[in-house]
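> Next comes the sequence, and after it the predicted model I'd like to discuss.
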Amino acid sequence: QVQLVESGGGLVQAGGSLRLSCAASGRTFSSYIMGWFRQAPGKGREFVAEIYWSGGSTTYADSVKGRFTISRDKTKNTMDLQMNSLKPEDTAVYFCAARNYPATYNYWGQGTQVTVSS
């Protein structure tokens with residue numbers, strides 16, 4: 001069973017930075033795609049970024065492109081999201097997720113709160 005545990009959320013002022021981390025366990029992830037999603041109050045879950053565990057190819061939502069960077073460390077089984085130039089609209093609960101290509105995302109972490117004050 002895949003387990004995903006996020007860490008690194010918190011409160012930051014607009015323009016600041018935060019780094020989220022996701023610790024993955026329970027499986028060999030060579031064929032997996034790992035991603036970050038977020039959900040703001042009163043809104044649906046939104047795709048943020050994803051990375052192919054094996055090759056490292058990445059995809060970003062337009063709203064975070066150029067500000068956020070997704071990465072993974074295959075030796076530690078961790079995935080990070082470096083968030084720079086944060087805006088109040090980035091405030092949300094951020095979730096780590098995993099899928100075994102070509103399936104849809106079916107493994108989720110518990111989420112970590114990110115709050116950006118103006």
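All right, it came through fine. All figures in this text were calculated on a predicted structure; none of them were measured in a lab. Residues are numbered from 1 along each chain as shown.
> list the contacts for Leu81?
19-22, 36, 48-49, 68-70, 94 (CB atoms under 8 Å, 6 or more residues apart in numbering). C-beta: built from backbone N, CA, C; applies to glycine.
> what would those residues look like in CSV with pLDDT, secondary structure and neighbour count?
Converted to CSV, the contacts of Leu81 look like this (pLDDT from 0 to 100; DSSP: H, G, I helix; E, B strand; the rest coil; neighbours: other CB atoms under 10 Å):
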residue, pLDDT, secondary structure, neighbour count
Arg19, 98, strand, 14
Leu20, 98, strand, 24
Ser21, 98, strand, 18
Cys22, 97, strand, 26
Trp36, 98, strand, 27
Val48, 98, strand, 24
Ala49, 98, strand, 22
Phe68, 98, strand, 21
Thr69, 98, strand, 16
Ile70, 98, strand, 22
Tyr94, 98, strand, 23
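> Which of those sits closest to Val5?
Closest approach between the contacts of Leu81 and Val5, by CB to CB: Cys22, at 6.9 Å.
> So that closest one sits against Met34, correct?
Yes. Judged on CB atoms under 8 Å, Cys22 makes contact with Met34 at a distance of 7.1 Å.
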